[in-house]
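In: Generate a structure from the sequence data that follows.
(one chain, ligands or ions: 1)
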Amino acid sequence: MRYKDSVIRTCPICGKQAEPRPANRSFPFCSDRCRLVDLCKWLGGEYRVPGRYAGDDSPRGPPGDEDGEHAS
Ligand SMILES: [Zn+2]
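Out: Residues are numbered from 1 along each chain as shown. Down below sits the predicted model:
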């Protein structure tokens, strides 16, 4: 087993190699610029998080832990 932290990550925005922390505080992005680009995507609603509703930030538990999806 290798250390997870030793895995080279690539920036999800531009695809360049992203240096790990603490050298790169924008990790997993290669730079502050790419981090902001990603942030703008989130704010613009480009990304969708399945199972999340507007105004609900609480993490969802495993299936069956909440009611609302009981198909009978
Ligand atoms: Zn980048």
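In: Near the ion, which residues of this structure? Just list them.
Out: Taking Cβ under 5 Å from the ion as the criterion, the neighbours of the ion within the chain are 11, 13-14, 16, 30, 34. (C-beta placed from N, C-alpha, C; glycine too.)
In: mind showing which ranges of the protein have poor pLDDT?
Out: Counting by pLDDT under 70, the ranges of the chain that qualify are 1-7, 46-72.
In: how about the strands in it?
Out: 9-10, 17-18 (DSSP state E).
In: partners of the last one, with directions?
Out: Each strand pairing with strand 17-18, determined using DSSP bridges, is listed with its direction: strand 9-10 (antiparallel).
In: Quick check: helices, which of the residues of the chain next to the ion are part of them?
Out: When helices are assigned by DSSP state H, the members of the residues of the chain next to the ion inside them are residue 34.
In: now, among the residues of the chain next to the ion, which is nearest to residue 42?
Out: Set against residue 42, the nearest of the residues of the chain next to the ion by Cβ to Cβ is residue 13 (12.1 Å).
In: hang on, isn't the closest one packed against residue 38?
Out: Yes - under the contact definition of Cβ atoms under 8 Å, residue 13 touches residue 38, with a separation of 5.8 Å.
In: Give me the common contacts of the two.
Out: Between them, residue 13 and residue 38 share the neighbouring residues residue 29, with contact defined by Cβ atoms under 8 Å, 6 or more residues apart in numbering.
In: that older thread, now the buried members of the residues of the chain next to the ion.
Out: Neighbour-count burial (16 or more other Cβ atoms under 10 Å) is assigned, among those, to 11, 13, 30, 34.
In: what sits against residue 14?
Out: Shown in contact with residue 14 (Cβ under 8 Å, 6+ apart): 30, 34.
In: So which residues of the protein form helices?
Out: Taking DSSP H, the helices of the chain run over residues 32-43.
In: how far away is residue 20 from residue 9?
Out: Here the distance between residue 20 and residue 9 works out to 7 Å (Cβ to Cβ, to the nearest Å).
In: Could you tell me which residues touch both of these two?
Out: Applying Cβ under 8 Å, 6+ apart, one finds that residue 20 and residue 9 are jointly contacted by residue 27.
In: picking up where we left off before, show me which pair in the buried ones among the residues of the chain next to the ion is furthest apart.
Out: Taking Cβ to Cβ as the measure, those have their most distant pair in 13 and 30, spaced 7.6 Å apart.
In: That concludes my questions; thank you for your assistance.
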